[in-house]
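Visitor: The following block contains a protein sequence and its predicted model.
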2 protein chains.
Amino acid sequence: MALRDDLLAVGERARRASRLLARLPSPVKDAALRAMADGLEAARPELLEANRADLAAAEAAGLSRALLDRLSLSDAVVASMAQGLREVAAQPDPVGEVVRMWKRPNGLMVGKKRIPLGVIGIIYEARPNVTADAAGLCLKAGNAVILRGGSEAIASNRAIARVLGEASAAAGVPEGAIQVLGVTDREAVLELLRLEDHIDLIIPRGGEGLIRFVTDHSRIPVIKHYKGVCHVFVDASADPAMAEEIVFNAKVQRPSACNAVETLLVHRAAAPVILPRIAERLRRAGVELRGCDETRRLVPWALPATNEDWGAEYVDLILSVRVVDGLDPAIEHIERHGSLHTESIVTADYANAQRFLDEVNSSVVAVNASTRFSDGQQLGLGAEIGISTSKIHSFGPMGAEDLTTTKFVIYGQGQVRE
Amino acid sequence: MALRDDLLAVGERARRASRLLARLPSPVKDAALRAMADGLEAARPELLEANRADLAAAEAAGLSRALLDRLSLSDAVVASMAQGLREVAAQPDPVGEVVRMWKRPNGLMVGKKRIPLGVIGIIYEARPNVTADAAGLCLKAGNAVILRGGSEAIASNRAIARVLGEASAAAGVPEGAIQVLGVTDREAVLELLRLEDHIDLIIPRGGEGLIRFVTDHSRIPVIKHYKGVCHVFVDASADPAMAEEIVFNAKVQRPSACNAVETLLVHRAAAPVILPRIAERLRRAGVELRGCDETRRLVPWALPATNEDWGAEYVDLILSVRVVDGLDPAIEHIERHGSLHTESIVTADYANAQRFLDEVNSSVVAVNASTRFSDGQQLGLGAEIGISTSKIHSFGPMGAEDLTTTKFVIYGQGQVRE
């Protein structure tokens, strides 16, 4: 029960802090965010030293190269954490905005006003920079945050948390606003997921296993992001050069990102001209193609696609390619195999552009643009706490505003109900 | 496994219907809603007969008077279901609205566009009119709905569902848009709560036991409403007549409602004048008062309040009363004992009105108005699917718009990411 008691105390501290945070003036929050950025830069040597301890332990434990990469702090990563906090400080404060207000026939003025969610739990793996990014966005939106990072990053996360805590406290942020859990095992996660009276929202960030574990065991609402199986559909009327640039950018610019394209759909009428051209550009960048029969007729070096290729998230220099008979089969393919993340159409046809935007209900739907724009910063939300592929509360990239809710405010003059 | 297979088939039908519903033109949805209303009125004799069968079984099983009341259909209840559907038809369609659109420095036009949630599961008890209300709101917002009512109302629910299904199908609503489960046991609820690939949102409506059961077992997001412990705070500057009217209305107009006031807080400076006056009015209406020591000094017939009275949801002609030293202790009392539902201040003081609206983060916060206005219809949302006291997705009374989400739409001209 000691673990449960410890976590209850963490939850109560967070709840108390959240009441004060909800009323904290914007300039205090923004000054704190800038002080946190300064603090991280000033503490860089000590952060890197803590990180070296994590890296040494991770290497000794035989963690994969990819995981070590994500775990690793550098001068550039620290600078980017600080820069992120300063950008969040420069954003408008979402709290207090009256989204809408209307008058009822009885004279009541009724409005919807933005307020913080309260307490947010972030459960994440590896990347210690999440500690600073998430703490910054939660503070901006007036929420207390409980951060539970992975055991592999515990020294780094603690060092970052200590810097953020000291800098924010000195700037007037209440005690308990930013807490990093010292315990990192699954038992601690389970206990955390039971604190439904203390935590309003859980955001898991990490692999599918972690996200499923959190979803299956949480009594607290969870906003999740399973995977990104993004599609580009090249319509019959697409400009070949534009199609080539968009597909190339969507696949090659950062293949490990969740908004990279995984399946290319090409209209049968455009395929003979456009597909060999795109394929050649991708081949030179080292992309492996896995195509349907028609694709392989036009691009003989493409490997044959199997059924598992439709809906696969490669996060690698691999692209599945299918020739389709038009917009409707393209939309059907996306509905069947997509992950509701991001889809783009390349077209010169007005009606098809509008139909694609209307009928594809993924979280981000684009015309004549790379799927790589599906990102909070790129879309103009400022920093991003994650990308939701479930439709409740938020759908798509989430910024500070998505960490708020609205309450009804009523201005009356003594009205009672008939 | 037969149960699981049956429910999977229900889920798949709903998912298929939801894709068509998302594209259904507003006039078709509205005509269907009106046809459903006409159908209910035309089928009144048969609905009442089915309901008599439920009532007879419930009486034989010894269900309480209150439950029998909620189970019972009458000419007036049928008329009100039909009226509700016609009002929903008359509301604007929330689907397709572009909530906001902005231009990025690279020329991309980025917007947030409303789309249906997809498939909604409603798990409810007793009141068969929920079948029509929920089906209407879900259809309006372009969602498929799976309704699981209680065993005590199965004949009534089936009869209502048959009428709604026939009327809506004739009006062009796809098959599977409105489904009522024939199985009503807890095992069926458990299986339903596991269909996370088929259902996007679960809304439980009923007693706290049902809601806790659903929350504890669902892998699907749940929007819940536990209870309403609503407060009225009468400030020092309150107009005595206004305070009396508001408190009387909030307690007596419908004491069984979740937005009825349960605790009255009175500023010490106002108590000697206002409290005896309010108490006398309530006494004549048969309200039992449970007061703090100071209350009992001013109102000798009040019973002593115990600690359990603060935070109690009476849903009856009982009111707890506490004299407080000012706005801050009033807000602290509400934070400690409230349920985040609805609170109202009666005051003539501008600063205190603003502070109450700012600092009390319940789902509905009012100045100089009865708590009984905390209701979708009263606030101008049209019909109401429930009142959320959790902050995720929706907070407070929920209308058709709360059964939607937004996707990002991007209009590009060939942009790729640098």
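Guide: Okay, I see it. Source: prediction; values computed, not measured.

Visitor: next one: the helix or strand hosting A:D133 to chain centre, how far?
Guide: Per DSSP states H and E, A:D133 falls inside helix A:129-140. How far helix A:129-140 lies from its chain's middle: 12 Å, per CA atoms, centre = their mean, to the nearest Å.

Visitor: That helix and chain B, are they touching?
Guide: No: Helix A:129-140 lies out of reach of chain B by CB under 8 Å from any CB of the partner chain, never closer than 14.0 Å. (Glycine included, C-beta is placed from N, CA and C.)

Visitor: Could you report the neighbour count for the residue nearest to A:V229 when sequence neighbours are not counted?
Guide: Setting aside the residues directly before and after it, A:V229 is nearest to A:S339 in space (CB to CB, 6 or more residues apart in numbering or on different chains), at 4.2 Å. For A:S339, the neighbour count with other CB atoms under 10 Å in any protein chain shown is 21.

Visitor: and if you look at A:G207?
Guide: Neighbours of A:G207 (other CB under 10 Å): 12.

Visitor: Would you confirm that it contacts A:I123?
Guide: No: counting by CB atoms under 8 Å, A:G207 does not reach A:I123; the two are 11.6 Å apart.

Visitor: quick revisit: residue contacts, the residue nearest to A:V229?
Guide: A:Y226, A:K227, A:G228, A:V229, A:C230, A:G311, A:E313, A:T389 (CB atoms under 8 Å, 6 or more residues apart in numbering or on different chains).

Visitor: sorry, back to before: on contacts alone, who are the packing partners of the helix holding A:D133?
Guide: helix A:26-42, helix A:75-90, strand A:119-124, strand A:144-148, helix A:154-170, strand A:178-180 (3 or more CB pairs under 8 Å, 6 or more residues apart in numbering or on different chains; DSSP states H and E).

Visitor: wait, does the fourth one make contact with chain B?
Guide: Spelled out, it's strand A:144-148. No: using CB under 8 Å from any CB, we find that strand A:144-148 stays clear of chain B, coming within 13.2 Å at best.

Visitor: and that strand, which strands flank it?
Guide: When pairing is defined by DSSP bridges, strand A:144-148 lines up against strand A:119-124 (parallel), strand A:178-180 (parallel).

Visitor: How about the lowest-mean-pLDDT helix or strand in chain A, which residues are buried there?
Guide: Least confident element among the helices and strands of chain A, by mean pLDDT, DSSP states H and E: helix A:65-71 (a mean of 85). Within helix A:65-71, the residues scored as buried using 16 or more other CB atoms under 10 Å in any protein chain shown are A:L67, A:R70, A:L71.

Visitor: can you check stretch A:330-342 too?
Guide: A:A330, A:I331, A:H333, A:I334, A:H337, A:G338, A:S339, A:L340, A:H341, A:T342.

Visitor: on that earlier part again, contacting residues around the least confident helix or strand of chain A?
Guide: Residues contacting helix A:65-71 (CB under 8 Å, 6+ apart): A:N51, A:D54, A:L55, A:A58, A:E59, A:L63, A:A126, A:R127, A:P128, A:E152, A:A153, A:S156.

Visitor: right, and out of the residues you listed, which lies closest to chain B?
Guide: Among the contacts of helix A:65-71, A:R127 lies closest to chain B (CB to the nearest CB), at 20.8 Å.

Visitor: Who are the contact partners of the residue of the stretch 201-350 of chain A found nearest chain B?
Guide: Per CB to the nearest CB, A:N249 is where the stretch 201-350 of chain A lies closest to chain B, at 3.5 Å. By CB under 8 Å, 6+ apart, the residues touching A:N249 are A:S370, A:R372, B:V416, B:R417.

Visitor: Dump the longest helix seen in chain A to PDB, restricted to CA.
Guide: If you go by DSSP state H, chain A has its longest helix at helix A:2-21. The C-alpha trace of helix A:2-21 is given here as PDB (Å, rounded to 0.1, in the frame of the first residue of the first chain):
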ATOM      1  CA  ALA A   2       3.000   2.300   0.300                       C
ATOM      2  CA  LEU A   3       3.100   2.800  -3.500                       C
ATOM      3  CA  ARG A   4      -0.700   3.600  -3.600                       C
ATOM      4  CA  ASP A   5      -0.300   6.100  -0.700                       C
ATOM      5  CA  ASP A   6       2.700   7.700  -2.400                       C
ATOM      6  CA  LEU A   7       0.700   8.100  -5.600                       C
ATOM      7  CA  LEU A   8      -2.300   9.400  -3.800                       C
ATOM      8  CA  ALA A   9      -0.100  12.100  -2.200                       C
ATOM      9  CA  VAL A  10       1.200  12.900  -5.700                       C
ATOM     10  CA  GLY A  11      -2.400  13.100  -7.000                       C
ATOM     11  CA  GLU A  12      -3.500  15.300  -4.100                       C
ATOM     12  CA  ARG A  13      -0.600  17.700  -4.600                       C
ATOM     13  CA  ALA A  14      -1.400  17.900  -8.300                       C
ATOM     14  CA  ARG A  15      -5.100  18.600  -7.600                       C
ATOM     15  CA  ARG A  16      -4.300  21.400  -5.100                       C
ATOM     16  CA  ALA A  17      -1.800  22.900  -7.600                       C
ATOM     17  CA  SER A  18      -4.400  22.700 -10.400                       C
ATOM     18  CA  ARG A  19      -6.800  24.900  -8.500                       C
ATOM     19  CA  LEU A  20      -4.200  27.600  -8.200                       C
ATOM     20  CA  LEU A  21      -2.900  27.100 -11.800                       C
END
